[in-house]
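Enquirer: coords please:
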Amino acid sequence: MTDKKKKDSKWIQKADIKEGSFTRKAKKKGITSAQLQANVEKNPEKYDEKTRKQAQLRKTLVKLKKKKKAKK
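Expert: Here you go, the predicted structure:
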């Protein structure tokens, strides 16, 4: 008997997110948030854990937005 975990559809509301912090980091470096995300994915050892998690979250949110747009 397999026991599947039910996905929490409102996980984003429970996340502790400081809006704009990843974008601020990117602007401080003089690049876009997409470029910072790519840099973090290429060289994760150069960045702290928080920045790596923010990059992963950005990747997830962009993917969700694309899915939502495709449904329309």
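Enquirer: what comes into contact with the helix or strand encompassing V62?
Expert: Take DSSP states H and E as the rule and V62 turns out to sit in helix 49-71. Residues from elsewhere that reach helix 49-71, judged by C-beta atoms under 8 Å, 6 or more residues apart in numbering: 12, 15, 17, 21-22, 25, 33, 36-37, 40-41, 44, 47. Heads up, the C-betas are built off the backbone N, CA and C, glycines and all.
Enquirer: 10 Å instead?
Expert: 11-12, 15, 17-18, 21-23, 25-26, 33-34, 36-41, 44-48 (C-beta atoms under 10 Å, 6 or more residues apart in numbering).
Enquirer: Can you say which of the residues you listed are buried?
Expert: 22, 25-26, 33, 36-37, 39-40, 47 (16 or more other C-beta atoms under 10 Å).
Enquirer: Next, name the residue at the spatial heart of the chain.
Expert: L57 (1.7 Å; C-alpha atoms, centre = their mean).
Enquirer: so how far is the helix-or-strand element of the chain with minimal mean pLDDT from its chain's centroid?
Expert: Counting by mean pLDDT, DSSP states H and E, the chain has its least confident helix or strand at helix 11-14, which shows a mean of 72. Put simply, helix 11-14 sits 13 Å off its chain's centre (C-alpha atoms, centre = their mean, to the nearest Å).
Enquirer: Any idea how far stretch 41-54 is from the middle of the chain?
Expert: 11 Å.
Enquirer: Endpoint to endpoint, it covers what distance?
Expert: Its start and end residues considered, stretch 41-54 measures 11 Å (C-alpha to C-alpha, to the nearest Å).
Enquirer: circling back to that earlier point, what separation is there between the residue nearest to the centre of the chain and I12?
Expert: 9 Å (C-beta to C-beta, to the nearest Å).
Enquirer: on that earlier part again, return the least confident helix or strand of the chain as PDB; C-alpha atoms alone will do.
Expert: C-alpha atoms of helix 11-14 as PDB (Å, rounded to 0.1, in the frame of the first residue of the first chain):
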ATOM      1  CA  TRP A  11       2.500  26.600   0.400                       C
ATOM      2  CA  ILE A  12       3.500  30.000  -0.800                       C
ATOM      3  CA  GLN A  13       1.300  31.800   1.800                       C
ATOM      4  CA  LYS A  14       3.200  29.900   4.500                       C
END
